[in-house]
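Undergrad: okay, predicted coordinates and the sequence, questions at the end:
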Amino acid sequence: MNKTNVPRLLIAGTGSGCGKTTVSCAILQALCNRSLNVGAFKCGPDYIDPMFHSNVLGTESRNLDPFFFDENTLKYLLIRNGEGRDINVIEGVMGYYDGLSMDSSFCSTHELAKKTDTPAVLVVGAKGAALSVLAVIEGFVNFEEESCIKGVILNGCTSMTYTMIKKAIIDRFKGRVIPLGFMPTVSGCSLESRHLGLVTAAEVSDLREKMQLLAAEAEKSLDIDGIITFASSAPAICAESIDLPEHEKVRIAVAEDKAFCFYYADSLDFLRRLGAELVSFSPMNDEKLPDGVDGLYLGGGYPELYLDELSANVKMLSSVKEAIEGGLPTIAECGGFMYLGSAIAGRPMLNVLPGESTDKGRLVRFGYINLIAKENNMLCSAGESIKAHEFHHWDSTFPGEAWNAEKPGGRSWQCAYASDTLYAGYPHFHFYANPDFGLNFYKACIKEKHSHDRTD
């Protein structure tokens, strides 16, 4: 293994709502405005924050999840996507030490920083505070022997307040923690939330203008030069390569519109590395599946917000239903699974699977899980597993029972559907969490391709 230089920093937070995403986007846009080659990553399984990163960058943001991936995979994906860039910005999740339990930081932002040897910058809310800010910083820095926290950005304070706190940070920490500026509240640039987190980037009006306003403020109040130098100080990393065999080409239809938009960029690249041509289509707006496809990927999203468009598009419903019932290899996760049911909130859908999805008004069976097959299926053999997650307020009257979902804490339930050509359920997964799942889906697509071969 050769060591690889990947200039990088991690934007961490004291907790959810402290301003990590706003600060991350402001930094990303400011760096892009300097014509730098910038990479972006998100800690954890979240789909929405990477959409904001991607909107700024014009290229895909990637997920680095300490639960999904072992240490080598974390480093490999960081190197694969970050090598050759001038700087890489990783946005954390929740509070810096928040993981799967109250007695360890397992699967936290801190674990990611530690495993990838990435210096962290702590975003601290400083509105209405003074000396207490130093107590917060000191608590986070000293909570773990190897905190990896090397810098700090204050959020929500004024220039006058920052000047005083900056001096106090320098005096107290003697270079152990570097103050890298502050972000004041920028009028009109707040990013709204809904039950799954932020609204998606596609739903934010004037997003590009908002990002430029944030970047302009970042150039004034953040130490962008210092941030670039900070990222350049990150040590080189190394990882074993994850080689994928290239197969014959197949065409896979991928649902991509406002209703279906939750995909991991590296999972899609995984399929491309095997040889797939990914063909986008819109279940909302197109009349049928793309011609000549050998597989179908229906990701998650917000189908519940677009019921009129989805239910009224009877030509598309008929096209997808006929294809799936005809044996087209299909993965349908969460929102895609809801689309396969008989109805969503009373609106007719594909009716490929039994069950209507309704809003429960609360999170249902949420969090990280180990997904274990109860029977042989398209993705794996009985007993094989993949790390996955659920996060949804809606539930189906028939959520499936072909898989066991086991939480790290011990709770378990049955979920999802499986056949030789179908995976459909609420759990989401990433192909790099178990590459055999992606390979087996691809092989099913090859089999489908050859099922239509004709000889003279």
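TA: Yes, it's here.
Undergrad: so what's the residue nearest to residue 306 when sequence neighbours are not counted up against?
TA: Of all residues not flanking residue 306 in the chain, residue 259 sits nearest, at 4.3 Å (CB to CB, 6 or more residues apart in numbering). In this view, the C-beta of every residue, glycine as well, is placed from N, C-alpha and C. Counting by CB atoms under 8 Å, 6 or more residues apart in numbering, residue 259 makes contact with 283, 284, 301, 302, 303, 305, 306, 309, 310, 335.
Undergrad: ditto for residue 8
TA: 78, 82, 87, 88, 89, 90, 116, 118, 119, 231, 234.
Undergrad: after the longest strand along the chain, which helix or strand is next?
TA: The strand that spans the most residues within the chain, counting by DSSP state E, is strand 356-373. The helix or strand immediately downstream of strand 356-373 is strand 385-396, counting by DSSP states H and E.
Undergrad: now that next one against strand 356-373, angle please.
TA: Using axes from the mean of the first three to the mean of the last three CA atoms, to 10 degrees, the inter-axis angle of strand 385-396 relative to strand 356-373 is 170 degrees.
Undergrad: pull the CA atoms of strand 385-396 into CSV?
TA: Extracted C-alpha coordinates of strand 385-396, given in CSV (Å, rounded to 0.1, in the frame of the first residue of the first chain):
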residue,chain,number,x,y,z
SER,A,385,-26.2,-10.0,5.3
ILE,A,386,-25.5,-6.3,4.5
LYS,A,387,-25.4,-3.3,6.8
ALA,A,388,-28.3,-0.9,6.1
HIS,A,389,-30.5,1.7,7.6
GLU,A,390,-34.1,2.8,7.9
PHE,A,391,-35.4,6.4,8.4
HIS,A,392,-39.1,7.0,7.5
HIS,A,393,-42.3,8.4,8.9
TRP,A,394,-44.5,6.3,6.6
ASP,A,395,-45.3,2.6,6.9
SER,A,396,-46.9,-0.1,4.8
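Undergrad: between the contacts of residue 8, which is nearest residue 214?
TA: residue 89 (13.6 Å; CB to CB).
Undergrad: the closest one and residue 41 touch, don't they?
TA: Yes: counting by CB atoms under 8 Å, residue 41 is a contact partner of residue 89 at 7.3 Å.
Undergrad: pLDDT-wise, which helix or strand of this structure ranks last?
TA: strand 193-194 (a mean of 44; mean pLDDT, DSSP states H and E).
Undergrad: quick one: the helices in the stretch 251-400 of the chain?
TA: 265-274, 307-312, 314-325, 335-340 (DSSP state H, counting those that start in this stretch).
Undergrad: and the gap between residue 160 and residue 126?
TA: Residue 160 is 12 Å from residue 126, where distance means CB to CB, to the nearest Å.
Undergrad: looking at these two, which has the bigger crowd around it?
TA: residue 126 (24 against 8; other CB atoms under 10 Å).
Undergrad: so who does that one touch?
TA: 133, 154, 155, 156, 157, 161, 162, 165, 182.
Undergrad: next, it: phi, psi?
TA: The phi/psi pair for residue 126 (degrees, to the nearest 10) reads phi -120, psi 10.
Undergrad: select the longest helix from the chain.
TA: What stands out as the longest helix in the chain, according to DSSP state H, is helix 435-451.
Undergrad: export it as PDB, just CAs?
TA: Extracted C-alpha coordinates of helix 435-451, given in PDB (Å, rounded to 0.1, in the frame of the first residue of the first chain):
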ATOM      1  CA  PRO A 435     -20.000  -5.700  -2.800                       C
ATOM      2  CA  ASP A 436     -21.500  -9.200  -3.500                       C
ATOM      3  CA  PHE A 437     -25.000  -7.600  -3.300                       C
ATOM      4  CA  GLY A 438     -24.200  -5.200  -6.100                       C
ATOM      5  CA  LEU A 439     -22.400  -7.900  -8.100                       C
ATOM      6  CA  ASN A 440     -25.400 -10.200  -7.800                       C
ATOM      7  CA  PHE A 441     -27.800  -7.500  -8.900                       C
ATOM      8  CA  TYR A 442     -25.600  -6.900 -11.900                       C
ATOM      9  CA  LYS A 443     -25.400 -10.600 -12.800                       C
ATOM     10  CA  ALA A 444     -29.200 -10.700 -12.600                       C
ATOM     11  CA  CYS A 445     -29.300  -7.800 -15.100                       C
ATOM     12  CA  ILE A 446     -26.900  -9.800 -17.400                       C
ATOM     13  CA  LYS A 447     -29.200 -12.800 -17.200                       C
ATOM     14  CA  GLU A 448     -32.200 -10.600 -18.100                       C
ATOM     15  CA  LYS A 449     -30.300  -9.200 -21.000                       C
ATOM     16  CA  HIS A 450     -29.600 -12.600 -22.400                       C
ATOM     17  CA  SER A 451     -33.100 -13.800 -21.800                       C
END
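Undergrad: okay, now the unreliable bits of the stretch 251-400 of the chain?
TA: Within the stretch 251-400 of the chain, no range satisfies pLDDT under 70.
Undergrad: so what's the residue count around residue 361?
TA: Quick note: residue 361 (other CB under 10 Å) scores 9 neighbours.
Undergrad: quick revisit: can you tell me which two in the contacts of residue 8 are farthest apart?
TA: 87 and 116, at 15.0 Å, using CB to CB across the contacts of residue 8.
Undergrad: with neighbour numbers in mind, choose between those two.
TA: For the pair residue 87 and residue 116, the greater number of neighbours falls to residue 116 (27 against 24), based on other CB under 10 Å.
Undergrad: contacts only, for that one.
TA: 8, 64, 74, 75, 78, 237.
Undergrad: count of neighbours near residue 431?
TA: Applying other CB under 10 Å, we find 25 residues neighbouring residue 431.
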